[in-house]
Structures are given as structure tokens and as C-alpha cells.
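>>> coords please:
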Amino acid sequence: MQLLTRPTKTSEIKRTWHLVDAKNKVLGRIAVDIAHKLVGKSKSNFVRNLDCGDYVVVLNAKYVAVTGKKESEKLYGNYSGFPGGLKQKQLWQVRLEKPTDLIRRSVMGMLPKNKLRDRLITRLYVYAEAEYPYKDKFKNS
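Residues are numbered from 1 along each chain as shown. Here you go, the predicted model:
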């Protein structure tokens, strides 16, 4: 009798929903957990070449904590490709304008840099406050 590991098929992948409250949690530490769930590395049928991840809903993104002097010194940049097209904002400015971008960008940097990255990030739902429209997904949990 031979014992062989069967390859995972896309029909065998089961997706679950995870609810994460980011209030007063450190940005980098929470982003690691979110990226881990999006990729699906904790699943027994995980393979790198398939999209095995789960859905993640993040609440209270406006109240995420950062350590040290990052609030005033960390810069988020965007470059248009043209000369003089670099725009930079400090973390506190991004938090005021679009607080969901803090978590989305930190999770995006922790996902694998391959063709699956865009598909993985589509299952991340980030909300600035505690209100969210997916309450029916979490009734059993």
C-alpha cells in the first residue's frame, strides 16, 4: 500500500469568514494575522499555487495603534511616473483622510508578490468604524 499526498483541487477549497477588530491593536501585528488568513496558510490543504484563503472583515481601522514616532514620521508615498510626481503624506494625514488605507497597504505589503496577490486582496473588507454589512456571515460564530 502506497501512501501518497493528494494534490488540492479548487473544488475542495472551503472559504470561511473572519472578523477582526483593530481597535487599539498594533498595525504591523494585526496585518500579519490578516495576511495569514487571506493566504490560507493555516489550512491543511494549503498549496502555494492556488488561492486557498478566507474572507477577512476588519473593523475600527480608524483606531489602529502604531508604536514609536510613526504617527508623525512615517511617510506614505505615491509616484505618478512623471518628473515631480512624488506625493507623500504622513501617517496621521492618511488616518484622517482614508483610515482604511493604513491596514490595506500594510496587508498588501505582506502578501506574496505573485499573480494571486490581486485576487487575495479582493477578499479583504476594511471599515473605519464598527458598522459593516456582512453580519449574516457571522451568525454561526
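>>> let me know the secondary structure of Arg15.
coil (DSSP: H, G, I helix; E, B strand; the rest coil).
>>> contacting residues for it?
Gly53, Asp54, Tyr55, Arg123 (Cβ atoms under 8 Å, 6 or more residues apart in numbering). Using the backbone N, CA and C atoms, a C-beta is placed for each residue, glycine as well.
>>> which stretches of this structure have low pLDDT?
1, 140-141 (pLDDT under 70).
>>> what ranges does it have for its strands?
Using DSSP state E, the strands of the chain run over 17-21, 55-59, 75-79, 86-90, 124-126.
>>> buried set for stretch 28-44?
When neighbours are counted by 16 or more other Cβ atoms under 10 Å, the buried residues of stretch 28-44 are found to be Ile30, Ala31, Ile34, Ala35, His36, Lys37, Leu38, Val39, Gly40, Lys43.
>>> go on, stretch 113-125?
For stretch 113-125, a neighbour-count test (16+ other Cβ under 10 Å) marks Leu116, Leu120, Arg123, Leu124, Tyr125 as buried.
>>> ok, so of those residues, who is nearest Leu91?
Nearest to Leu91 among the buried residues of stretch 113-125, counting by Cβ to Cβ, is Leu124 at 19.6 Å.
>>> is the closest one in a bridge, and if so with what?
Val56 (DSSP bridges).
>>> surely it and Val58 touch.
Yes - using Cβ atoms under 8 Å, Leu124 makes contact with Val58 at a distance of 7.2 Å.
>>> so what's the closest residue to Arg119 other than its chain neighbours up against?
With Cβ to Cβ, 6 or more residues apart in numbering as the criterion, Arg119 has its nearest non-adjacent residue at 5.4 Å, and that residue is Asp51. Contact analysis of Asp51 by Cβ under 8 Å, 6+ apart lists Ile13, Gly40, Leu116, Arg119, Leu120.
>>> separation between Ala138 and Ser80?
Just to correct that, residue 138 is Phe rather than Ala. Phe138 sits 40 Å away from Ser80, going by Cβ to Cβ, to the nearest Å.
>>> quick one: which of the two has more around it?
With neighbours defined as other Cβ atoms under 10 Å, Phe138 and Ser80 compare such that Phe138 has more, 12 against 9.
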